[in-house]
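J.: starting from these lines, generate the structure:
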Amino acid sequence: MALGELYHFDETPVSGTGLEDLDRDAFQKYFERLSRQTVEQTGLSWERLLEGTRVAVLVDDTYRLTVAGLLVFGLNPQQHLRQSRLTAVRFLGDDTTADRLSPQEFAGPLAQLVRQAEEYALQYNGAYSRIEGFVRHDQPIYPLPVLREAVVNAVVHRDYSISGSQVRLFIFDNHLEVRSPGRLPNSMTLESIRLYNHESRNPLIAQFLNRLGLMEEFGAGIPNMIRHMREHNGTEPVFAIEGEEFVARLSAKSS
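T.: Next comes the predicted model:
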């Protein structure tokens with residue numbers, strides 16, 4: 001890809017990176033699962049294969065990982081893109097003025113960030129009981145598919161050009177928030193995202209994570225979150241733009 005061509009931010013080369021920053025085992029497993037052939041069977045060199053899949057790009061005779069390549073298949077993405085880390089905090093109350101419990105910062109490729117955030121949230125995802133007839137049903141406060149989708153959406157669609165902010169997971173007594181740097185891309189609105197519309201700021205990252213099985217069908221994630229929460233406790237997620245962040249807010253209480 002010539003640098004003069006039109007490309008999204010997640011296809012741009014990351015200065016200072018090289019092929020030594022790639023987790024080759026992770027990429028190889030991804031590629032072989034996708035193509036059903038080994039790297040050797042393609043007859044291509046690693047360099048040509050990485051360039052063809054847009055994991056790397058040739059810049060002045062040196063291969064640099066793209067933003068997407070680094071974030072999804074990098075050994076240590078935060079070494080070069082510190083803003084790609086994720087922070088999580090449990091607040092002992094209903095707003096950020098409350099005392100904090102166990103604040104943590106997570107690093108690693110995006111799939112690892114999702115797993116870490118999910119495990120953190122599950123520590124504080126208690127259960128409540130619902131009586132149907134004479135039978136008591138215990139269920140988690142937040143359904144796992146919704147938790148995962150909120151975090152995946154945040155790491156996939158955030159604006160990685162904003163260097164001073166990261167994805168944040170806030171867990172309160174009465175709700176949970178996932179905050180993602182950047183407003184909605186282009187023509188997307190808070191209304192249109194509810195209606196199976198899709199326009200990604202980072203389409204290459206979205207493609208990689210979709211193929212890794214972490215993303216829903218494009219455009220279906222938020223409608224599915226709404227459906228799951230209605231079925232779970234009769235509420236709907238609240239989506240908002242607050243400052244320069246996109247916020248997904250889940251209620252812990254039934255309507």
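J.: wait, what's in contact with E32?
T.: Shown in contact with E32 (C-beta atoms under 8 Å, 6 or more residues apart in numbering): T38, V39. The way it works is simple: take the backbone N, C-alpha and C, and place the C-beta from them, glycine included.
J.: strands along the stretch 101-250 of the chain, start to end?
T.: Counting by DSSP state E, counting those that start in this stretch, the stretch 101-250 of the chain has strands at residues 127-132, 135-140, 167-171, 175-181, 238-242, 245-251.
J.: output those as a markdown table; include the columns mean neighbour count.
T.: Converted to a markdown table, the strands of the stretch 101-250 of the chain look like this (neighbours: other C-beta atoms under 10 Å):
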| stretch | mean neighbour count |
| --- | --- |
| strand 127-132 | 9 |
| strand 135-140 | 10 |
| strand 167-171 | 22 |
| strand 175-181 | 22 |
| strand 238-242 | 14 |
| strand 245-251 | 21 |
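J.: redo these as TSV? Include mean pLDDT and distance to V152.
T.: As requested, the strands of the stretch 101-250 of the chain are exported to TSV (pLDDT from 0 to 100; distance: least, C-beta to C-beta, whole Å):
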stretch	mean pLDDT	distance to V152
strand 127-132	60	23
strand 135-140	69	18
strand 167-171	98	10
strand 175-181	97	10
strand 238-242	96	15
strand 245-251	96	11
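J.: for stretch 160-170, give me every contacting residue.
T.: By C-beta under 8 Å, 6+ apart, the residues outside stretch 160-170 that reach it are 9-10, 67, 71, 81-89, 91, 96, 113, 117, 120-121, 151, 154-155, 158, 176-182, 202, 244-245.
J.: do you know how far Q37 is from F31?
T.: Remark: distance between Q37 and F31 (C-beta to C-beta, to the nearest Å) = 8 Å.
J.: nearest residue to L176 other than its sequence neighbours?
T.: Excluding its sequence neighbours, the residue lying closest to L176 (C-beta to C-beta, 6 or more residues apart in numbering) is L250, at 4.6 Å.
J.: and that neighbour, how far from A68?
T.: 28 Å.
J.: and P140, by the same measure?
T.: Separation of P140 from A68 (C-beta to C-beta) stands at 32 Å.
J.: in helices, which of the contacts of stretch 160-170 appear?
T.: For these, membership in helices holds for V67, L71, L113, A117, Y120, A121, V151, A154, V155, with DSSP state H as the criterion.
J.: farthest pair in those?
T.: Using C-beta to C-beta, the two most remote members of these are V67 and A121, lying 26.1 Å apart.
J.: rewinding a little: more neighbours: Q37 and F31, which one.
T.: Taking other C-beta atoms under 10 Å, Q37 and F31 do not tie; F31 has more neighbours (20 against 11).
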